[in-house]
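In: sequence unavailable; structure follows:
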């Protein structure tokens, strides 16, 4: 096995959405970098497969052409026309999504197998050197730079980099090697994902969030995919699962079999493959996202939305912001913790924390089924209130109302 020496300004660990976004914007800035991933692409990633408007924004910012290519693949990508909330009592509130000037929906669904491979294929030379699959062995901070050891099936590598980007997911090896691992169940959730075909009533192309009594304070989802398939799953806070000794898989399957809102729709459905689980590191509090010479992105930065469980948008956005901070750091030759915090943590939280705070409130409200029933009932009776709630999914200023007790008092007396 041969040994190779590499030297690069930036090393990115992980080639998923966060790592891809960081790489894409570094390449746009003409900054050389190396990307290391443990997997061989294409590879699956257990996920809900819903791609948000924030994800679309980042991809469009990277390349309008790439976005057009992605959306044009109707065999792999299905536009989302809206969102459906199903309250614990079975009442439904449909929230339609608007379209842009080109008639495009703000978001879509596609399997992570397809999505991540699409992105991976657009990591481009001459600025990005990709090493995958590779096994990361060690990380050492020495004399103001990073020394990494990793190996492939044929080569051993010694790599020196000025900046290190952790984009290696919820089980981040970088976090572990740097002594940053946070395994608190209070800020984590567990999710299950299954693929089904033959579910009835998917023609609306709306993603569905079911707040079923048997799964509260978690929820059940159905996300339509192309060709009559759907991503089906359930999520719940890890502490609830642990404290109440909940078998989430068992509860999910019982809900499919017995819940009045689901059993007929799944009566002819078939499970494709296995039901798989994964961890969801939630953005429940503000943490340090960088330090001396390093930046954390995506799931490694624990940025998943606490209410919806969606993490791709924040992963892409954090990767884009990391690239901007790296550009400034290299320009100033300043890799200090204070500089990276000013140029990465602060602007990232300025954009994301309002959303995350609102989602923390919504996640907490899942513990009160009567409140969800109340909101859906009032919204369905009042076009004005329904329009307001619909707007909350595109307007952050409107979403802030959900954190105000006065909003619920107004709703109580709304006609």
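Out: Structure's in. What do you need? Not measured: the values here are computed from a predicted model.
In: find the nearest non-adjacent residue to the residue most central in space within the chain, please.
Out: Geometric centre of the chain, nearest residue: residue 311, 1.2 Å, by CA atoms, centre = their mean. Spatial nearest neighbour of residue 311, chain neighbours left out: residue 304 (3.9 Å); criterion: CB to CB, 6 or more residues apart in numbering. Any C-beta I mention is one placed from the backbone N, CA and C, and that applies to glycine too.
In: just checking, the one you found touches residue 278?
Out: No. Shown here, residue 304 and residue 278 do not form a contact pair, counting by CB atoms under 8 Å, at 10.7 Å.
In: the two: who's more crowded?
Out: residue 304 (30 against 18; other CB atoms under 10 Å).
In: I'd assumed residue 300 was in contact with the residue nearest to the centre of the chain.
Out: No. With contact defined as CB under 8 Å, residue 311 does not count as touching residue 300 (10.8 Å).
In: if we can go back for a sec, return the residues in contact with the residue nearest to residue 311.
Out: Neighbour list for residue 304: 189, 280-283, 310-311, 314 [criterion: CB atoms under 8 Å, 6 or more residues apart in numbering].
In: swap in residue 282?
Out: Taking CB under 8 Å, 6+ apart, one finds 187-189, 237, 302, 304-306 in contact with residue 282.
In: bridging residues for it?
Out: residue 304 (DSSP bridges).
In: how close does it sit to residue 304?
Out: The gap separating residue 282 from residue 304 is 5 Å, by CB to CB, to the nearest Å.
In: now do the shared contacts for residue 311 and residue 300.
Out: In contact with both residue 311 and residue 300: no residue, using CB under 8 Å, 6+ apart.
In: low-confidence ranges, the stretch 201-350 of the chain, go.
Out: Within the stretch 201-350 of the chain, not a single segment meets pLDDT under 70.
In: so which residues of it form helices?
Out: Listed in chain order, the helices of the stretch 201-350 of the chain (DSSP state H, counting those that start in this stretch) span 238-243, 248-258, 312-332, 337-340, 346-365.
In: CSV for those helices, including distance to residue 11?
Out: Formatted as CSV, those follow (distance: least, CB to CB, whole Å):
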stretch, distance to residue 11
helix 238-243, 31
helix 248-258, 36
helix 312-332, 11
helix 337-340, 15
helix 346-365, 20
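In: how far does whichever helix or strand residue 161 is part of sit from its chain's centre?
Out: Following DSSP states H and E, the helix or strand that holds residue 161 is strand 155-166. For strand 155-166, the gap between its own C-alpha mean and the chain's C-alpha mean amounts to 26 Å (CA atoms, centre = their mean, to the nearest Å).
In: quick revisit: most neighbours among the contacts of residue 304, which one is it?
Out: residue 314 (29 neighbours).
In: which residue packs closest to it, ignoring adjacent ones?
Out: Excluding its sequence neighbours, the residue lying closest to residue 314 (CB to CB, 6+ apart) is residue 303, at 4.1 Å.
In: give me the number of residues near the one you found?
Out: Neighbour count of residue 303, defined by other CB under 10 Å: 25.
In: same question, the one 5 residues further on
Out: Neighbours of residue 308 under the rule other CB under 10 Å: 21.
In: ok, the closest residue in space to it that isn't next to it in sequence to residue 98 distance?
Out: Leaving aside its sequence neighbours, residue 308 sits nearest to residue 359 (CB to CB, 6+ apart; 6.8 Å). Using CB to CB, we find residue 359 at a distance of 21 Å from residue 98.
In: these two: who's more crowded?
Out: Remark: of residue 359 and residue 98, residue 359 carries more neighbours, 22 against 12, as counted by other CB under 10 Å.
In: the more buried one reaches residue 307, doesn't it?
Out: Yes. Look at residue 359 against residue 307 with CB under 8 Å: they come within range, at 3.7 Å.
In: got any ranges where the stretch 51-200 of the chain has weak pLDDT?
Out: Applying pLDDT under 70 to the stretch 51-200 of the chain flags residues 101, 182-187.
In: now with 80, please.
Out: For the stretch 51-200 of the chain, the stretches with pLDDT under 80 are 98-104, 125, 181-187.
In: tell me where it has helices.
Out: Going by DSSP H, counting those that start in this stretch, the stretch 51-200 of the chain shows helices at 53-62, 64-72, 112-120, 173-177.
In: who does the shortest one touch, helix- and strand-wise?
Out: By that I understand helix 173-177. When contacts are defined as 3 or more CB pairs under 8 Å, 6 or more residues apart in numbering; DSSP states H and E, helix 173-177 sits against strand 135-142, strand 155-166, strand 294-296.
In: which one of those strands lies nearest to residue 342?
Out: Closest approach to residue 342 among the helices and strands packed on helix 173-177 (CB to CB): strand 294-296, 12.4 Å.
In: buried ones in the closest one?
Out: For strand 294-296, a neighbour-count test (16 or more other CB atoms under 10 Å) marks 294-296 as buried.
In: quick one: the closest residue to residue 264 other than its chain neighbours from residue 267, how far?
Out: Nearest residue to residue 264 in three dimensions, chain neighbours excluded: residue 200, at 6.9 Å (CB to CB, 6+ apart). Remark: distance between residue 200 and residue 267 (CB to CB) = 8 Å.
In: what of residue 66?
Out: Distance of residue 66 to residue 267, computed by CB to CB: 40 Å.
In: same question for residue 322.
Out: 47 Å.
In: for the two, work out which one has more neighbours and name it.
Out: Under the criterion of other CB under 10 Å, the comparison of residue 322 against residue 267 puts residue 322 first, with 33 against 12.
In: could you list every residue that touches the more buried one?
Out: Neighbouring residues of residue 322 by CB under 8 Å, 6+ apart: 18, 21-22, 165, 295, 297, 344.
In: all good on my end, thank you.
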